[in-house]
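In: no sequence on this one, just coordinates:
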């Protein structure tokens, strides 16, 4: 029996029996009503004690079913590829409210409200409004408060520890070394590339969709559906939005080029960054600790879990893909984090 104290109006509890020794997963049920938004820490009455972290968003956003604007004029998987698609000026085609997966999911798209920048961890992050969504233009570099004691040696690689909330900077000394036993780098290879986070690190130990995580106040880790809303505005059909694995779409301007519109790399064939999202090819750190893809790969976490060990992510390729990869990845992988305004 596990029971926590009441914190921010919430109490957690769980009951169960462990049949084996070793690492175990405990699912705690919450009861009560949150009094405020933010990050909180609960204590438990068990011996040994268990530290429990979480965050609560109290400011709800409109549901996906309430967005009826034609941002891109797509019909099925076909449309013209032009800069005007970035405005809600069309009167026909697909509307995001037809996305059945997201119809009852909160989607933050209420603009930046004159917020042009946010300061976090002594870094100024500029914002960009994309079809109403207010995104930070640079990747996060803040340490998770729940795992702030980690050092560059916390994950030396060469093993598969699972999601322990590890975080750190890409180490170019171990680039594309599949048998790497390297540690984190203490600094970014290039300013604005940010930190790579395992999922729990990005979420700052919360498991709630759209949690603040390591984002600055008033921002959160975007959900899978909030990523879809961004993709919709870049010309991706609803059928493609729901597709898992594969670069959606890839191979022709009549199907939209969302990856082209989101990546910062100015490639005359594939990438124009016309949305202003400014994704950097910062690479990622694989489950075994190897460093992969810097200069060609931009990968971002969502706050949506597929299971206790896997989460939804987004991936863009600099070299050859016009689309965006929606994939289920192990939470033990370390990706970049881009924050969305509540």
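Out: Now that the structure is in, tell me what you want to look at. Remember, it's a predicted structure, so these values are computed and weren't measured experimentally.
In: The stretch 101-250 of the chain: helices as residue ranges?
Out: Applying DSSP state H, counting those that start in this stretch to the stretch 101-250 of the chain gives helices spanning 199-202, 224-232, 238-241.
In: Would you mind giving those helices as TSV with mean neighbour count added?
Out: Glycine gets a C-beta too; all of them are placed from N, C-alpha and C. Shown next, in TSV, are the helices of the stretch 101-250 of the chain (neighbours: other C-beta atoms under 10 Å):
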stretch	mean neighbour count
helix 199-202	28
helix 224-232	26
helix 238-241	21
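In: And those helices: which comes nearest residue 134?
Out: Minimum separation from residue 134 across those (C-beta to C-beta) falls at helix 224-232, 11.2 Å.
In: what pLDDT, on average, does that closest one get?
Out: Across helix 224-232, the average pLDDT comes to 94.
In: now stretch 177-184
Out: Stretch 177-184 comes out at a mean pLDDT of 84.
In: quick revisit: with distance to residue 43 as extra columns, can I get the helices of the stretch 101-250 of the chain in TSV?
Out: Formatted as TSV, these follow (distance: least, C-beta to C-beta, whole Å):
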stretch	distance to residue 43
helix 199-202	19
helix 224-232	32
helix 238-241	41
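In: So what sits opposite residue 292 in the bridge?
Out: residue 284 (DSSP bridges).
In: Likewise for residue 334?
Out: Beta-bridge partners for residue 334, by DSSP bridges, are residue 285.
In: where's it relative to residue 120, distance?
Out: Distance of residue 334 to residue 120, computed by C-beta to C-beta, to the nearest Å: 19 Å.
In: Those two: which is more packed in?
Out: Higher neighbour count among residue 334 and residue 120: residue 334, with 28 against 17, using other C-beta atoms under 10 Å.
In: what's the burial count for residue 189?
Out: Count around residue 189 with other C-beta under 10 Å applied: 15.
In: Please shift the residue numbers so they start at 13 in all later answers.
Out: Sounds good: first residue 13 from here, last item residue 201.
In: if I pick it, what's in contact with it?
Out: 181, 182, 184, 306 (C-beta atoms under 8 Å, 6 or more residues apart in numbering).
In: Please spell out the ChimeraX selection for the buried subset of the residues you listed.
Out: Selecting the buried subset of the contacts of residue 201 in ChimeraX, with 16 or more other C-beta atoms under 10 Å as the burial test, is done by:
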select :181,182,306
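In: now the contacts of residue 201 as TSV including distance to residue 258?
Out: As requested, the contacts of residue 201 are arranged in TSV below (distance: C-beta to C-beta, whole Å):
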residue	distance to residue 258
181	30
182	26
184	29
306	23
